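Chemist: Return atomic coordinates for the entry below.
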Amino acid sequence: MQAPYSRTLYDLLCEQAERHPDREAVVSGKSRLTYAQLRERAAIVASGLRARGLARHDRVGLLLNNRAEWIEICFGTAAIGAVLVPFSTWSKRRELEFLFKDSRINALISVDQLADQNFAQDIAAIRVAYPSLAVILIGDTRLAGALSYEQLMSQPPLPEPPPPGDGARADDAALILYTSGSTSYPKAVPLLHHHIIENGFNIGERQGLTPEDRVLLSPPLFWSYGSANAMLATLGHGATLVLQGRFDAGESLDLIEKERCTSLYTMPGMTAAMLAHKHFRRERTRTLRTGVTIGTPQDVATVANELGASEICNIYGQTESCGNCAVAWHHWPLERRMDVQGPPLPGVSIRIVDEGTGQPVGPNTPGQIEVKGNVTPGYDGISAENNAKAFTADGYFRTGDMGQLTPEGWLQFLARTTEMIKRAGINIAPAEVEEVLRTHADVAEAGVVGAPDQDKGEIVVAFVVARTGAQLTEDALRAHCRTEAASYKTPDRVEVVPSLPTTATGKLMRNGLKDLAARLPKRSR
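Modeler: Below you'll find the predicted structure:
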């Protein structure tokens with residue numbers, strides 16, 4: 001498909017509204033917006049923000065779950081050259097205090113309440129320190145000095161994009177996303193307009209998206225997986241983005257069936273929850289064809305064979321690389337998509353370097369993954385102190401991940417550097433051991449971590465969840481591993497547990513497992 005010519009987000013929306021005015025752009029609950037309607041509403045947001053004195057380079061905080069307003073605010077902010085700074089809706093007051101200070105926002109648009117979190121009360125307490133902060137609330141507006149979203153949207157739409165110098169430029173930041181990582185506070189990651197447009201379009205190309213596709217997004221838009229990835233991949237192709245406010249397996253199945261979704265963004269925990277749901281039937285997901293997922297080779301195969309998205313794409317990336325920097329092609333044989341995360345996207349270079357020397361290594365040689373091209377220009381806020389060590393002298397971003405390149409140049413992700421288990425001098429990727437354990441017919445889930453050991457440095461500890469009604473023993477699982485794979489992939493210790501610790505979206509909390517492993521009673525030798 002022909003790539004969009006636009007280099008800024010609002011221009012992209014205007015371009016797609018010209019090409020596909022009556023095609024649905026966003027579906028969210030009862031809201032259904034065509035591209036022409038989305039452009040109109042984004043232009044009204046832009047006009048409302050400008051009427052409050054906001055302009056290019058100002059920062060607009062956003063505290064909102066997946067819904068149509070998120071998209072129109074994003075493009076409306078971009079229309080005046082301002083920067084959108086989405087915050088996690090899982091943030092508690094103490095975390096919001098840090099985010100407000102670090103992000104230096106000039107305005108905040110927030111939902112009043114979400115589940116049991118009263119954001120209006122949190123904002124009222126925090127904004128005392130920011131008397132000039134403009135606050136717009138969606139929902140209950142009983143907050144002194146706050147505007148309602150309806151009041152923001154009472155302006156006539158922006159008649160035309162701002163002239164050069166007033167509006168956004170291609171190399172301006174469109175988003176500043178906060179991501180957890182190796183520091184004790186979330187890192188602020190600016191992403192540029194032209195980077196996320198180009199990257200998002202190319203991610204959609206790897207999925208084989210067309211304007212006829214309907215893409216389900218359950219992961220949050222405040223993640224790069226949602227905004228820089230799914231939103232731009234979908235809208236860059238003139239397709240329809242179907243938003244789920246918060247992941248629920250039963251509702252996801254309902255949306256796939258009702259909206260006839262052809263593509264989805266999923267994660268292993270989400271996939272497992274949908275397949276285990278009492279109302280799952282394969283015919284309900286028969287419209288699925290493609291999409292993206294992270295996970296092990298078996299996770300990719302499960303989405304393709306059991307959920308039904310036969311052309312699902314394996315991916316690799318992080319917020320700093322605009323969501324993804326390598327994506328497998330949808331038309332590749334499934335076995336290949338299971339094995340590699342694909343070639344680098346256009347405009348991206350990936351190299352593998354030796355962990356000790358920092359020098360590039362050859363094909364099929366594990367090392368640290370470094371990325372250059374469509375990546376963040378550098379961290380913002382307090383996390384800018386990490387820039388010197390995050391980037392090499394020749395401009396590559398140090399991902400902190402271990403991987404290798406095939407002779408064809410395709411990336412194979414191995415593990416986070418911090419997750420690698422060093423047992424008796426051998427590097428072991430937890431995913432490799434997990435993959436072997438999951439081939440046992442009675443294993444539903446597996447999580448593997450390292451635990452300190454006086455003799456070996458670390459030992460391999462596996463936590464396993466049995467399928468309903470199955471009985472598993474440590475001896476049987478270790479024997480299975482010895483039969484199915486190399487000896488180093490046999491765990492030193494296996495614990496059968498009722499469940500694994502996961503995030504709200506089903507991602508394995510490996511640090512929680514490491515804590516459990518460290519607290520296990522020592523065994524006599």
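Chemist: Okay, now the unreliable bits of the protein?
Modeler: 181-184, 425, 504-505, 524-525 (pLDDT under 70).
Chemist: center of it, which residue is that?
Modeler: Tyr225 (2.6 Å; CA atoms, centre = their mean).
Chemist: The nearest residue to Thr490 once chain neighbours are set aside: neighbour count?
Modeler: Excluding the flanking residues, the one nearest Thr490 by CB to CB, 6 or more residues apart in numbering is Cys481, at 4.2 Å. (Glycine included, C-beta is placed from N, CA and C.) Cys481 sits with 23 neighbouring residues when counted by other CB atoms under 10 Å.
Chemist: So Cys481: helix, strand or coil?
Modeler: Under DSSP: H, G, I helix; E, B strand; the rest coil, Cys481 falls in the helix class.
Chemist: distance between stretch 313-321 and the chain's centre?
Modeler: With CA atoms, centre = their mean, to the nearest Å as the basis, stretch 313-321 stands 8 Å off its chain's centre.
Chemist: Return the alpha-carbon coordinates of it using CSV.
Modeler: Listed next in CSV are the C-alpha coordinates belonging to stretch 313-321 (Å, rounded to 0.1, in the frame of the first residue of the first chain):
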residue,chain,number,x,y,z
CYS,A,313,3.2,-11.3,13.5
ASN,A,314,6.0,-11.8,16.0
ILE,A,315,7.5,-8.5,17.1
TYR,A,316,10.4,-6.9,19.0
GLY,A,317,10.7,-3.4,20.3
GLN,A,318,10.4,-1.0,23.2
THR,A,319,9.0,2.5,23.8
GLU,A,320,12.3,4.1,22.8
SER,A,321,12.1,2.5,19.3
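Chemist: for that stretch, which positions count as buried?
Modeler: 313-321 (16 or more other CB atoms under 10 Å).
Chemist: pretty sure Asp515 is in a helix, no?
Modeler: Yes. According to three-state DSSP, the state of Asp515 is that of a helix.
Chemist: Export stretch 360-367 to CSV, keeping only CA atoms.
Modeler: Taking Å, rounded to 0.1, in the frame of the first residue of the first chain, the C-alpha atoms of stretch 360-367 are listed here in CSV:
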residue,chain,number,x,y,z
PRO,A,360,29.7,-6.1,16.7
VAL,A,361,29.4,-9.9,16.5
GLY,A,362,28.5,-12.1,13.5
PRO,A,363,25.3,-14.0,12.7
ASN,A,364,24.0,-16.6,15.2
THR,A,365,26.1,-15.1,18.0
PRO,A,366,24.3,-13.9,21.1
GLY,A,367,25.0,-10.4,22.3
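Chemist: which residues are contacting it?
Modeler: Stretch 360-367 has contacts (CB atoms under 8 Å, 6 or more residues apart in numbering) with 351-355, 402-407, 414, 427.
Chemist: Can you read off the backbone torsions of Thr468?
Modeler: phi -50, psi 130 (degrees, to the nearest 10).
Chemist: ok, now Ala107?
Modeler: phi -150, psi 160.
Chemist: which residues does it contact?
Modeler: So Ala107 contacts 49, 52, 54, 58-61, 133-136 (CB under 8 Å, 6+ apart).
Chemist: Columns secondary structure, neighbour count and distance to Ala276 on top of those residues, output as TSV?
Modeler: As requested, the contacts of Ala107 are exported to TSV (DSSP: H, G, I helix; E, B strand; the rest coil; neighbours: other CB atoms under 10 Å; distance: CB to CB, whole Å):
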residue	secondary structure	neighbour count	distance to Ala276
Leu49	helix	27	44
Arg52	coil	15	47
Leu54	coil	20	46
Asp58	coil	19	46
Arg59	strand	19	41
Val60	strand	27	39
Gly61	strand	26	37
Leu133	coil	16	44
Ala134	strand	22	45
Val135	strand	20	41
Ile136	strand	24	40
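Chemist: and the gap between Glu437 and Ala431?
Modeler: Glu isn't right for residue 437; it's Leu. 11 Å (CB to CB, to the nearest Å).
Chemist: which residues are in contact with both of these two?
Modeler: Contacts common to Leu437 and Ala431, judged by CB under 8 Å, 6+ apart, are Val448.
Chemist: Neighbour count: those two, which is higher?
Modeler: Leu437 (27 against 19).
Chemist: Buried by neighbour count, from the contacts of stretch 360-367: which ones?
Modeler: 351-353, 402-405, 414.
Chemist: Using a markdown table, lay out these together with secondary structure.
Modeler: Compiled in a markdown table, the buried ones among the contacts of stretch 360-367 are given as follows (three-state DSSP):
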| residue | secondary structure |
| --- | --- |
| Arg351 | strand |
| Ile352 | strand |
| Val353 | strand |
| Met402 | strand |
| Gly403 | strand |
| Gln404 | strand |
| Leu405 | strand |
| Leu414 | strand |
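Chemist: For Asn324, give me its contacts.
Modeler: 199, 203, 229, 292, 315-317, 345.
Chemist: Recalculate using a threshold of 7 Å.
Modeler: Applying CB atoms under 7 Å, 6 or more residues apart in numbering, we find Asn324 in contact with 203, 229, 315-317, 345.
Chemist: For it, which non-adjacent residue is spatially closest?
Modeler: Gly317 (3.4 Å).
Chemist: Domains of this structure: list them as residue ranges, please.
Modeler: Following automatic domain parsing, the chain resolves into domains at 9-307, 421-519.
Chemist: bridging residues for Arg423?
Modeler: Per DSSP bridges, the residues bridged to Arg423 are Ile426.
Chemist: how close does it sit to Val460?
Modeler: According to CB to CB, Arg423 stands 6 Å off from Val460.
Chemist: Compare the two (neighbour count), which wins?
Modeler: Val460 (24 against 17).
Chemist: doesn't Gln244 make contact with Glu251?
Modeler: Yes. Counting by CB atoms under 7 Å, Glu251 touches Gln244, with 6.3 Å between them.
Chemist: Could you tell me which residues within the helix or strand harbouring Ile123 count as buried?
Modeler: Assigned by DSSP states H and E, Ile123 falls within helix 119-126. Of all the residues in helix 119-126, those buried under the rule 16+ other CB under 10 Å are 119-120, 122-124, 126.
Chemist: Going by distance to Thr490, which of the contacts of Ala107 wins?
Modeler: Of all the contacts of Ala107, Gly61 has the smallest distance to Thr490: 49.2 Å, by CB to CB.
Chemist: residues in contact with that closest one?
Modeler: Contacts of Gly61 by CB under 7 Å, 6+ apart are 85, 87, 103, 105, 107-108.
Chemist: Same check on Leu235?
Modeler: 16, 25, 241 are the contacts of Leu235 under CB under 7 Å, 6+ apart.
Chemist: export these to TSV and tack on neighbour count and secondary structure?
Modeler: TSV is the format used below for the contacts of Leu235 (neighbours: other CB atoms under 10 Å; DSSP: H, G, I helix; E, B strand; the rest coil):
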residue	neighbour count	secondary structure
Gln16	24	helix
Ala25	26	strand
Leu241	28	strand
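Chemist: Including distance to Arg32, could these go into JSON lines?
Modeler: Formatted as JSON lines, the contacts of Leu235 follow (distance: CB to CB, whole Å):
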{"residue": "Gln16", "distance to Arg32": "16"}
{"residue": "Ala25", "distance to Arg32": "9"}
{"residue": "Leu241", "distance to Arg32": "11"}
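Chemist: which residues in the stretch 301-450 of the chain form helices?
Modeler: Here the stretch 301-450 of the chain has its helices, by DSSP state H, counting those that start in this stretch, at 334-339, 387-390, 430-438.
Chemist: can you list contacts of the longest one?
Modeler: What it means is helix 430-438. The contact list for helix 430-438, computed with CB under 7 Å, 6+ apart, reads 296-298, 415, 419, 421, 443, 446-449, 460, 462, 464, 477, 481, 484-485, 489, 491.
Chemist: out of these, which are inside strands?
Modeler: Taking DSSP state E, the ones among these that sit in strands are 415, 421, 443, 446-449, 460, 462, 464.
Chemist: quick check, nearest of the residues you listed to Thr285?
Modeler: Val443 (23.7 Å).
Chemist: That closest one: neighbouring residues, count only.
Modeler: Neighbour count for Val443, taken as other CB under 10 Å: 21.
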